[in-house]
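# Following is a predicted model, sequence given first.
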Amino acid sequence: MLSQGGDFPTPKLQALQRILQSDFLHAVREVYENIYETVDISGSPEVRANATAKATVAAFAASEGHAHPRVVELPKTEEGLGFNVMGGKEQNSPIYISRIIPGGVADRLNCLKRGDQLLSVNGVSVEGEYHEKAVELLKQAQGSVKLVVRYTPRVLEEMEARFEKQRATGKRLQSAKHHT
C-alpha cells in the first residue's frame, strides 16, 4: 500500500493506487508492450518508445465506444487454436471469433470470447483484411500465437443477422427459380 512516511495513505494516493491496479491500466500496459515488441522503427529507444506510445493511444482511440483491446497468447498445438473466425473485407465486415470449440485450447485457457474482434495476429494487423489472410496468419504461426482482440459482440450479432437474412433471401430466390 502506498503511504507517506508511515502515515495512512491520502485519498489522492488511494485513488492513484486503484488506477495503477486497474484492469484498464493493465490492458494499456499489455497493448503498449505488444506494440513495442512488434513496432518496426529503427532509432533510439526514446524514438521507439514515443512511436509505441502514439500507436497505443491510437489503438485505444480506435476502440472508443467499444471494449478496449487486449493481448491474448495461445500455444500452437496439433489440435489447432480452438476457435473459428468469420467475416473479412470480402464480406464488408471485421474478422470475428465466431465460435470457441468446446475443450479446445482457447476454451481451456478461457482467454477468448465469441464476439471478440481480431485486430492483429503476431503483430500483423488484420483490420480491413480478407478472411483468408487472417486464416493464413493463424496457420503460419509457430510455437504460439499472439493476438490483439477487442470484445464487441453487438457487431457480431448484427453481422450474423445480415448473413442469415442474405441466406434466407438467397433460398427464396432459389425456390422461386425452381417454381417458375
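Thanks, I have the structure now.
# C-alpha from now on. contacts and neighbour counts both.
Fine.
# contacting residues around Ala27?
Residues near Ala27 by CA atoms under 8 Å, 6 or more residues apart in numbering: 68-71.
# at 6 Å instead, please
Contacts for Ala27 (CA atoms under 6 Å, 6 or more residues apart in numbering) come out as Arg70.
# Helix or strand: which one has it?
In the assignment (DSSP states H and E), Ala27 maps to helix 23-38.
# Backbone dihedrals for Arg162, please?
phi -60, psi -40 (degrees, to the nearest 10).
# Kindly report the same for Asn92.
Dihedral angles for Asn92 - degrees, to the nearest 10 - are phi 60, psi 40.
# any idea how this structure splits into domains?
According to automatic domain parsing, the chain comprises the domains 1-62, 67-180.
# if we can go back for a sec, then the helix holding Ala27 to PDB, C-alphas only?
Output of helix 23-38 as PDB, limited to C-alpha atoms (Å, rounded to 0.1, in the frame of the first residue of the first chain):
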ATOM      1  CA  ASP A  23      -7.800  -3.800 -15.300                       C
ATOM      2  CA  PHE A  24      -7.800  -0.800 -17.700                       C
ATOM      3  CA  LEU A  25      -4.200   0.200 -16.900                       C
ATOM      4  CA  HIS A  26      -3.200  -3.500 -17.100                       C
ATOM      5  CA  ALA A  27      -4.800  -3.600 -20.600                       C
ATOM      6  CA  VAL A  28      -3.000  -0.400 -21.700                       C
ATOM      7  CA  ARG A  29       0.400  -1.800 -20.500                       C
ATOM      8  CA  GLU A  30      -0.200  -5.100 -22.300                       C
ATOM      9  CA  VAL A  31      -1.100  -3.400 -25.600                       C
ATOM     10  CA  TYR A  32       1.800  -1.000 -25.200                       C
ATOM     11  CA  GLU A  33       4.300  -3.900 -24.600                       C
ATOM     12  CA  ASN A  34       2.900  -5.800 -27.600                       C
ATOM     13  CA  ILE A  35       3.200  -2.800 -29.900                       C
ATOM     14  CA  TYR A  36       6.700  -2.100 -28.600                       C
ATOM     15  CA  GLU A  37       7.800  -5.600 -29.400                       C
ATOM     16  CA  THR A  38       6.400  -5.500 -32.900                       C
END
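# Over that helix, what's the mean pLDDT, rounded is fine.
Across helix 23-38, the average pLDDT comes to 74.
# Same question for stretch 89-104.
Here the average pLDDT along stretch 89-104 is 92.
# contacts for that stretch?
82-88, 114-118, 128-130.
# please redo it, this time with the cut-off set to 8 Å
79-88, 106-107, 112-119, 126-131, 134, 156, 159.
# What score does the spatially most central residue of the chain have for pLDDT?
Nearest to the mean C-alpha position of the chain, by CA atoms, centre = their mean, lies Val149 at 0.6 Å. What the model reports for Val149 is a pLDDT of 94.
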